[in-house]
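> build the 3D model from these lines:
(chains A and B)
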Protein chains: 2
Amino acid sequence: MKQALSVSNKEIVSLVENGGVLSPKGYKAGAVHAGLRYNRLDIGVLISETPASCAAVYTTSHFQAAPLKVTQESIANEGKIQAVIVNSACANACTGEQGLKDAYKMRTLTSEKFNVSEDYIAVASTGVIGEYLPMDKIESGINSLEPGKGGENAEDFQKAILTTDTVMKSSCYQAEIGGKSVHVGGAAKGSGMIHPNMATMLGFLTTDAAISPEHLSAALKEVTDITFNQITVDGDTSTNDMVIVMANGQAGNKPLTPDHSDWPVFVKLLKENCESLAKQIARDGEGATKLIEVAVKGAVSNDEARTIAKQIVGSNLVKTAVYGADANWGRIIGAVGQANASVNPETVDIELGPIVMLKGSNPVAFSEEEAKAYLEKDTIHIMVDLNMGDGSGTAWGCDLSYDYVKINASYRT
Amino acid sequence: MKQALSVSNKEIVSLVENGGVLSPKGYKAGAVHAGLRYNRLDIGVLISETPASCAAVYTTSHFQAAPLKVTQESIANEGKIQAVIVNSACANACTGEQGLKDAYKMRTLTSEKFNVSEDYIAVASTGVIGEYLPMDKIESGINSLEPGKGGENAEDFQKAILTTDTVMKSSCYQAEIGGKSVHVGGAAKGSGMIHPNMATMLGFLTTDAAISPEHLSAALKEVTDITFNQITVDGDTSTNDMVIVMANGQAGNKPLTPDHSDWPVFVKLLKENCESLAKQIARDGEGATKLIEVAVKGAVSNDEARTIAKQIVGSNLVKTAVYGADANWGRIIGAVGQANASVNPETVDIELGPIVMLKGSNPVAFSEEEAKAYLEKDTIHIMVDLNMGDGSGTAWGCDLSYDYVKINASYRT
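Predicted coordinates:
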């Protein structure tokens, strides 16, 4: 079954059922249990058959972890990547010179194992900050990787990148571009410390599209701002976050540029995939029982609409109210009120799913029973209309539960 | 016992043991149970014997509640206030025209009851957003107020302004100014939705100092920025927050101006009182088991140091780690890393109480047992030195516990 989506009313982007990071042509993946974690897969590799155009976005934290520095150095060389090596359990962040040395060593080991130039290798780590990588385990782990093309290989990779995640995140979308079938697939991890601007999340995207690194970067930036940068679990931003996309051109399309008639199709393809992964991350937020989607319209700009949507979905008070199925729209107003954006305090409408709660900033009588029943669902839609302009934007997050506190009160133990 | 504090090495500001809002000369207070809450005091009044110079700071929310509009109108007239009327249980926020009418009515009723000009009356409300005040109860409540000068009157007022608070907040400090004994006393409420820039908090300050409204405003602004605006419980800002100070001049000092030799003494007096109330609010944060004090130094400016301190103390991940007594300094780094301030990622020191955790951005080995024992205390000090400049600042907050979620998952029920 393909779920059709539309660009300019043409249904041309479709979901690939059970698709993932290996659905595009010319990629393989694998993972091993190297002993960084008690009994789960903890080192993964993702490889393109040929060097691929590459683009990446990174955390805005002042403290970029060592692997991000190494990855940036690799990409800076030619804008191409052929392999991504990633470990969980240890973030290799705030580990000084030793940490940087260890990240380079991960790159060298991967280069030797797979006979890929060091400049074509990206390195990623996720886990606890401030601990050194156990390099003996990393070395034997990398040396025992045996990547393949099957669904189980994709699944192993998707499992190896998880930390407090409870489920794997993957997706793939397909579209016809220049008469060729082009795929964008991806895998991601992220559960806590998730916030706009690349919180503790990693995203690995693959595509068989032909596209230059420069244009791929432009598309990734545009899409990231409205997908991964619009999710929040707890407002904290981490040191290791990265989304990386490889485009190996094996679909055989004429190289994509912004002038290409199908450029909007490719951007939409990339966006659908990133939005799917972003929502999977938000829904699997630490302790989450519900996905919250906040849509803001009538703002003076799309930027401001996105800012307000993030403020609402990031509010602890909104999150706890949703957890408790309490239709306390005053907390939505509280969040809108403190947003760094233009707001007319007399013209705000708020809807919770199908239920109107506030109209022109005045309370509307509603059935508490109906609202409570709505809030028991597993996806909650909050709509805010500022009635000021044409700006709109969406953000995704989750509720705040006892389990969030439990998970985070003793993460390291 | 008086606890001495110093200005320029002179010990001149002292704590008044068990002091509060009625410790300065010439004030009385009272409260009643008007039926807004089930069985607790819910309307309070604070009155100066004579019209007092007044200054106030308000929430920065786009949605200022009706009572704040009325209070600003009163103060704008002459800069003087003689009585403050306040109710809990209902915030009278997002209540449109009716809400504004109700706030004016509260002012009129108070004017008639106490024979004080309407322009000398401030109105404050706190509680649930989006519900109308039950004006019949408000009216009979105000009419049954019988303020007095005793400790029990101060206590009644302090109780009437509480919502989810578990304890009253009050304090008083004293200093010699121009040969006269001057007091600054205060009461405050606030427990959830506490964040920089006047979250769901109310502060009522009294002083017998002689000072013009203009200079009082300058002093209040200066002090608020480093006290009330430096606390956070959950990062949410409310619609009703206000700190108001009345100065009735009954101490008999020569009116204070910034040129007065004792001006720094008065500012320090005001600051000590506001800091005491701010810390009482942070310690009583919803579900809190510990007060967290974060001191940042070595920043490029005091402003940036305060920004970073707030970012740390507001991080859910730091708060849950403190709750769980987990010395996970990586989360402190996470918070510093995302602060909108200058940070050199190579030069950061972090100390948890007496324990050095990070030096020059490199991990320092420490005893987990010692760290855990420290984190079991009821006040936790976190120190961050950026080693860049001379800027310093402090912020206060609390840990994030199961009870925070419990309290907020069903606030209205």
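> bridging residues for the residue lying closest to A:Asp262 once chain neighbours are set aside?
The spatially closest residue to A:Asp262, leaving aside those adjacent along the chain, is A:Ile177, at 4.5 Å (CB to CB, 6 or more residues apart in numbering or on different chains). For every residue, glycine as well, the C-beta is placed using N, CA and C. Counting by DSSP bridges, A:Ile177 forms beta bridges with A:Lys180.
> residues contacting A:Ile177?
A:209, A:251, A:253, A:256, A:262, A:265-266, A:269 (CB atoms under 8 Å, 6 or more residues apart in numbering or on different chains).
> roughly how far is the helix or strand where A:Ala373 lies from the heart of the chain?
Here A:Ala373 sits within helix A:368-375, counting by DSSP states H and E. On the basis of CA atoms, centre = their mean, to the nearest Å, helix A:368-375 sits 31 Å off its chain's mean C-alpha point.
> neighbouring contacts of that helix?
Helix A:368-375 has contacts (CB under 8 Å, 6+ apart) with A:322, A:325-327, A:352-355, A:357, A:380.
> highest neighbour count among the residues you listed?
With neighbours taken as other CB atoms under 10 Å in any protein chain shown, the top of the contacts of helix A:368-375 is A:Val322, carrying 29 neighbours.
> measure the residue sitting furthest away from the middle of chain A to chain B for me?
In chain A, A:Ala365 marks the outermost C-alpha relative to the chain mean, sitting 38.0 Å out by CA atoms, centre = their mean. For A:Ala365, the distance to chain B equals 11 Å [CB to the nearest CB, to the nearest Å].
> and what of A:Leu358?
Using CB to the nearest CB, one gets 7 Å for the distance from A:Leu358 to chain B.
> wait, what's in contact with that residue?
Residues counted as contacts of A:Leu358 (CB under 8 Å, 6+ apart) are A:329, A:333, A:348-350, A:364, B:94, B:130.
> of the contacts of helix A:368-375, which pair is most distant in space?
Using CB to CB, the contacts of helix A:368-375 span at most 17.7 Å, a distance reached by A:Asp326 and A:Pro354.
> next, A:Gly148: phi, psi?
A:Gly148 adopts backbone torsions of phi -150, psi -180, taken as degrees, to the nearest 10.
> name the element the residue lying closest to it once chain neighbours are set aside belongs to?
Distances taken as CB to CB, 6+ apart place A:Lys28 nearest to A:Gly148, at 5.6 Å, with adjacent residues excluded. Per DSSP H and E, A:Lys28 falls inside strand A:27-32.
> mind listing the strands whichever helix or strand comes after that strand pairs with, and their directions?
Next helix or strand after strand A:27-32 toward the C-terminus (DSSP H and E): strand A:43-58. Here strand A:43-58 is paired, per DSSP bridges, with strand A:27-32 (antiparallel), strand A:80-87 (antiparallel), strand A:242-247 (antiparallel).
> ok, now which ones touch the closest residue to A:Val300 other than its chain neighbours?
Closest residue in space to A:Val300, ignoring its immediate chain neighbours: A:Gly389 at 4.2 Å, by CB to CB, 6+ apart. Contact partners of A:Gly389, counting by CB under 8 Å, 6+ apart, are A:298-301.
> quick one: average confidence on the strand holding A:Lys28?
Here strand A:27-32 scores 97 as its mean pLDDT.
> go on, stretch A:63-74?
Averaging pLDDT along stretch A:63-74 gives 93.
> show me the contacts for the residue of the stretch 101-250 of chain A found nearest chain B.
Residue nearest to chain B within the stretch 101-250 of chain A: A:Ile129 (2.7 Å; CB to the nearest CB). The contact partners of A:Ile129, by CB under 8 Å, 6+ apart, come to A:65, A:91, A:93-94, A:238-239, B:328-331, B:333-334.
> show me the strands in the stretch 301-413 of chain A, by range?
Taking DSSP state E, counting those that start in this stretch, the strands of the stretch 301-413 of chain A run over residues A:349-352, A:355-359, A:362-363, A:379-385, A:391-398.
> looking at those, which has the lowest confidence?
Among the strands of the stretch 301-413 of chain A, strand A:362-363 carries the lowest mean pLDDT, a mean of 88.
> near chain B, anything from that strand?
Yes: counting by CB under 8 Å from any CB of the partner chain, chain B has neighbours in strand A:362-363: A:362-363.
> hmm, who's touching that strand?
The contact list for strand A:362-363 (CB under 8 Å, 6+ apart) reads A:329, A:357, B:94-96, B:130-131.
> and the stretch 251-400 of chain A, which residues reach chain B?
For the stretch 251-400 of chain A, the contact set with chain B under CB under 8 Å from any CB comprises A:314-317, A:320-321, A:323-324, A:326, A:328-331, A:333-339, A:343, A:345, A:358, A:361-363, A:400.
> thought A:Asn153 was touching the residue nearest to A:Gly148, still the case?
Yes: with contacts counted by CB atoms under 8 Å, A:Lys28 reaches A:Asn153, the gap being 6.4 Å.
> pLDDT score for A:Asp326?
Confidence for A:Asp326, expressed as pLDDT, is 87.
> so it makes contact with B:Val405?
No: the pair A:Asp326 / B:Val405 is not scored as a contact, 12.0 Å apart, by CB under 8 Å.
> how about the closest residue to A:Gly30 other than its chain neighbours, what does it touch?
What sits nearest to A:Gly30 in space, not counting adjacent residues and going by CB to CB, 6+ apart, is A:Pro147, at 3.4 Å. A:Pro147 sits next to A:28-30, A:45-47, A:153 when contact means CB under 8 Å, 6+ apart.
> how about 7 Å then?
Residues in contact with A:Pro147 (CB atoms under 7 Å, 6 or more residues apart in numbering or on different chains) are A:28-30, A:45, A:47, A:153.
> give me the domain ranges for chain A.
Domain segmentation of chain A under automatic domain parsing yields A:8-281, A:291-409.
> now those as JSON lines including distance to B:Lys80?
Formatted as JSON lines, these follow (distance: least, CB to CB, whole Å):
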{"stretch": "domain A:8-281", "distance to B:Lys80": "42"}
{"stretch": "domain A:291-409", "distance to B:Lys80": "28"}
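> nearest to B:Asp136, of those domains?
Smallest distance to B:Asp136 across those (CB to CB): 19.6 Å, for domain A:291-409.
> what's the end-to-end length of the closest one?
Using CA to CA, to the nearest Å, the end-to-end distance of domain A:291-409 comes out at 22 Å.
> and it, how far from the chain's centre?
Chain-centre distance of domain A:291-409: 22 Å, with CA atoms, centre = their mean.
> only whichever of the contacts of A:Pro147 are buried, select them in PyMOL.
Selection of buried members from the contacts of A:Pro147 for PyMOL, criterion 16 or more other CB atoms under 10 Å in any protein chain shown:
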select buried, chain A and resi 28+29+30+45+47+153
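> do a quick rundown of the helices in the stretch 101-250 of chain A.
Taking DSSP state H, counting those that start in this stretch as the test, the helices found in the stretch 101-250 of chain A are A:135-143, A:151-160, A:213-226.
> tell me how far the longest one is from the chain's mean position?
On the basis of CA atoms, centre = their mean, helix A:213-226 is displaced by 14 Å from the centre of the chain it belongs to.
> again with the shortest one
Taking CA atoms, centre = their mean, one finds the center of helix A:135-143 at 27 Å from the center of the full chain.
> thinking again about what came up before, just the buried members of the contacts of A:Ile177?
Buried members of the contacts of A:Ile177, counted by 16+ other CB under 10 Å: A:209, A:251, A:253, A:256, A:262, A:265-266, A:269.
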